[in-house]
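Participant: structure for this input, please:
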Amino acid sequence: MAERFRDAIKAAQYVSQGLLHDFPDALVDAYRLGKSKPRHFASETKDLERVLVDMCRGFQSVSVDYHPANAYGFVAELWENGASASNGTPPGRVFVMLCKVKGRPIAVGSRLAGRPLVDLK
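Facilitator: Residues are numbered from 1 along each chain as shown. From the prediction side, this is the model:
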């Protein structure tokens, strides 16, 4: 599901609440890429909102693509639409990936008999 927010905090809340609802006991990795050096945080879903608010700090307008049924754990992307995106500097991007669901690891890019290693539903 794609959404657009004027406020980075609301975008972070949207993603974190969705993940908390869909995967309440998951372990999540979040990566920020952009004009500064890349950043990485590992978090449980219950702590993800704080992490995403910090990672999206400075984003003026944020688009969100949330797709919880992705078979390889890549569940969300948040990217900046604000002034830095229009003045030639690379826009900030935050990627959110599931690492573990119900204690079982998600194998990124791996398949077992044509099916994901963890049933996400």
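
Participant: number of residues surrounding the residue lying closest to residue 79 once chain neighbours are set aside?
Facilitator: Leaving aside its chain neighbours, residue 79 sits nearest to residue 93 (4.6 Å; criterion: Cβ to Cβ, 6 or more residues apart in numbering). Bear in mind the C-beta positions are built from the backbone N, C-alpha and C, glycine included. Residues near residue 93, counting by other Cβ atoms under 10 Å, number 17.

Participant: residues contacting residue 93?
Facilitator: 32, 33, 34, 77, 78, 79, 80 (Cβ atoms under 8 Å, 6 or more residues apart in numbering).

Participant: can I get these in JSON lines with secondary structure and distance to residue 69?
Facilitator: Listed next are those as JSON lines, based on DSSP: H, G, I helix; E, B strand; the rest coil; distance: Cβ to Cβ, whole Å:
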{"residue": "32", "secondary structure": "strand", "distance to residue 69": "24"}
{"residue": "33", "secondary structure": "strand", "distance to residue 69": "24"}
{"residue": "34", "secondary structure": "coil", "distance to residue 69": "27"}
{"residue": "77", "secondary structure": "strand", "distance to residue 69": "15"}
{"residue": "78", "secondary structure": "strand", "distance to residue 69": "18"}
{"residue": "79", "secondary structure": "strand", "distance to residue 69": "20"}
{"residue": "80", "secondary structure": "strand", "distance to residue 69": "25"}
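
Participant: and those residues, which are buried?
Facilitator: Burial by neighbour count, 16 or more other Cβ atoms under 10 Å: within the contacts of residue 93 this picks out 32, 34, 77, 78, 79, 80.

Participant: lowest-confidence one in those?
Facilitator: Within these, residue 34 has the lowest pLDDT, namely 79.

Participant: show me the contacts for that residue.
Facilitator: Counted by Cβ under 8 Å, 6+ apart, residue 34 has contacts 80, 90, 91, 92, 93.

Participant: now with 7 Å?
Facilitator: 90, 91, 92, 93 (Cβ atoms under 7 Å, 6 or more residues apart in numbering).

Participant: again, but for residue 103
Facilitator: Residue 103 neighbours (Cβ under 7 Å, 6+ apart): none.
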